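*Asks:* here is a sequence with its predicted model. Questions after.
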Amino acid sequence: MDLVSTRHLQIVSGRAHPALAESIAGHLGVVPSGANIRKFANGEIHCRYDNSIRGADVFIIQTHCDPVNETIMEQMIMIDAAKRASAKRITAVIPYYGYSRQDRKATGREPITAKLVADMLQVAGVDRVLSVDLHSGQIQGFFDCPFDHVTAAPVLLDYLRDRMGDNAVIVTPDAGRAKVAERYANHLGVDMALVHKTRPKGTANQVQALQVVGDIEGKKCILIDDMIDTAGTICAAADLLKQSGAAEVWALATHGVLSDPACERLSNSTAITKVVITDTLPMSPLRHFEKLEVLSVSRLIADTIGAVFEETSVSEIFGGENLA
C-alpha cells in the first residue's frame, strides 16, 4: 500500500489575545481551532481541542501578557494537550516572550527566568518556537529546538518613512539596543544618537538618564526600544533629549506592556508628542490615550508561520535582518 501524506495547518489561540490570533489566521486563510479552555473551581486550567489534530502542524498562539504566570501556564497546558493528541509538530507562537528581561544573572542569588520558560516549553512538548523582538537575542540559545525570530522593524520602518519627515535622528535609550537603532538609522538614511542611563542599585523600574551621545540639536528624535513597561526609561530619555535641544520626541516600541503608571506618564509627558507600539500585546480601550498609535504585526507573523509550514526561508521575509 502506498500512502501519500497530507500536511494540515492548524492555528490555535489561547485566551490572552484572541483578536491577534484571528487576524493571523485571516491572513493565512484558515479558521482558528477551538481549544475549549476552562477553569476548575480552584483555578486550575483545562483544555480539550474541538477537532482531531492528529498529524497536524499545530501553531499555538499565546502572548505572555498580564496575568503573565497564568498565560504561560495556559500555553504549556495547550502544548501538552496537543502532544497527547498526536499532533505532528507543535510550534509555540509567542508574540511577547514573558520573563525575557531576566536573561542573565545581574547579581548573586538571582534566577535566569528566560531560560526557565524555555525549559518549560520544551518539557511541555514544543517542537519549534516563534517570537517577536526578543529582549535579547541570546534567549534563542536557551532552546534546543528551532527558533524563528520575527522583527516588527518592517512595520515600524514603513510608518516612519511616511511620517517622520526631514531632520530626524534615531535614538536608542540604552546601549543594549544600539545595534537595532543602527539598523533603523541605516534604512532611513538618518543619524543615530544614544542616551546613557543608569539604574540606582537595589531598585526596580527606576532609571536615571545621564547624557546624550550624538547630535540631536533642533531635530526630531525617534526613540526606539523593544518594550515600554512603566515608561520610566522612555520618559527619562525624552526629558533629557528635550533639555539637550531636541525639537520633538517620538517613542516607538514593539511591545506595549504599559504597566501602571505608564499610560499616565506618557500621556502627561511634555517631552513626548507621539507613542507608537504594535499589537503583540492586547490593549484595553480604557488604556488608550491621545498620543498612542497601535500598528499590527499580524501579517508578519502570518507570513512567518506560512514559511515555517511550507518549509521555506523565514529570513528572506525580513531581508536577513530578523536579528535581536
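*Replies:* Received, thanks.
*Asks:* helices of the stretch 151-300 of the chain, residue ranges please.
*Replies:* In the stretch 151-300 of the chain, helices defined by DSSP state H, counting those that start in this stretch lie at 153-163, 178-188, 232-243, 262-268, 298-310, listed in chain order.
*Asks:* all strands of the stretch 51-200 of the chain, in order?
*Replies:* If you assign secondary structure with DSSP state E, counting those that start in this stretch, the strands in the stretch 51-200 of the chain sit at 57-61, 89-94, 128-132, 147-150, 168-172, 191-198.
*Asks:* if we can go back for a sec, for Gln211, which of the helices of the stretch 151-300 of the chain is the nearest?
*Replies:* Evaluated over those, closeness to Gln211 peaks at helix 232-243, with 7.5 Å, by CB to CB. All C-beta atoms are positioned from the backbone trio N, CA, C, and that covers glycine.
*Asks:* in that closest one, which residues are buried?
*Replies:* Within helix 232-243, the residues that qualify as buried by neighbour count (16 or more other CB atoms under 10 Å) are 232-242.
*Asks:* give me the angle between it and strand 191-198.
*Replies:* Here the directions of helix 232-243 and strand 191-198 differ by 120 degrees (axes from the mean of the first three to the mean of the last three CA atoms, to 10 degrees).
*Asks:* check the offset of helix 232-243 from the chain's centre.
*Replies:* Remark: helix 232-243 is offset 23 Å from the chain centroid, using CA atoms, centre = their mean, to the nearest Å.
*Asks:* packing partners for that helix?
*Replies:* Contacts defined by 3 or more CB pairs under 8 Å, 6 or more residues apart in numbering; DSSP states H and E place helix 232-243 against strand 191-198, strand 208-213, strand 220-228, strand 248-256, helix 262-268, strand 272-278.
*Asks:* change it to 10 Å
*Replies:* Taking 3 or more CB pairs under 10 Å, 6 or more residues apart in numbering; DSSP states H and E as contact, the helices and strands that helix 232-243 lies on are strand 168-172, strand 191-198, strand 208-213, strand 220-228, strand 248-256, helix 262-268, strand 272-278.
*Asks:* listing partners with orientation, what would you give for the first one?
*Replies:* Right, strand 168-172. With DSSP bridges as the criterion, the sheet partners recorded for strand 168-172 are strand 191-198 (parallel), strand 220-228 (parallel).
*Asks:* to Glu182, which of the strands of the stretch 51-200 of the chain lies closest?
*Replies:* strand 191-198 (5.7 Å).
*Asks:* check contacts around Gln131.
*Replies:* Careful, residue 131 is Ser and not Gln. Contacts of Ser131 were listed using CB atoms under 10 Å, 6 or more residues apart in numbering, and they are 63-64, 92-97, 100, 139-140, 147-150, 280, 301, 324.
*Asks:* report the beta-bridge partner residues of it.
*Replies:* In this structure, Ser131 has the following beta-bridge partners (DSSP bridges): Ile94, His149.
*Asks:* can you put the helices and strands packed on helix 232-243 in a markdown table and add mean neighbour count, mean pLDDT and distance to Asp127?
*Replies:* Written out in a markdown table, the entries for the helices and strands packed on helix 232-243 read as follows (neighbours: other CB atoms under 10 Å; pLDDT from 0 to 100; distance: least, CB to CB, whole Å):
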| stretch | mean neighbour count | mean pLDDT | distance to Asp127 |
| --- | --- | --- | --- |
| strand 168-172 | 25 | 96 | 35 |
| strand 191-198 | 18 | 86 | 39 |
| strand 208-213 | 16 | 77 | 43 |
| strand 220-228 | 24 | 96 | 26 |
| strand 248-256 | 25 | 98 | 25 |
| helix 262-268 | 17 | 97 | 35 |
| strand 272-278 | 22 | 98 | 26 |
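*Asks:* export these to CSV and tack on distance to Ala21?
*Replies:* Shown next, in CSV, are the helices and strands packed on helix 232-243 (distance: least, CB to CB, whole Å):
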stretch, distance to Ala21
strand 168-172, 31
strand 191-198, 35
strand 208-213, 37
strand 220-228, 20
strand 248-256, 17
helix 262-268, 25
strand 272-278, 15
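*Asks:* which one of the ones you listed lies nearest to Ile11?
*Replies:* Across the helices and strands packed on helix 232-243, Ile11 has its closest neighbour in strand 272-278 (19.2 Å, CB to CB).
*Asks:* neighbouring strands for that closest one, and are they parallel or not?
*Replies:* Strand 272-278 has its sheet partners listed here by DSSP bridges as strand 248-256 (parallel), strand 292-295 (parallel).
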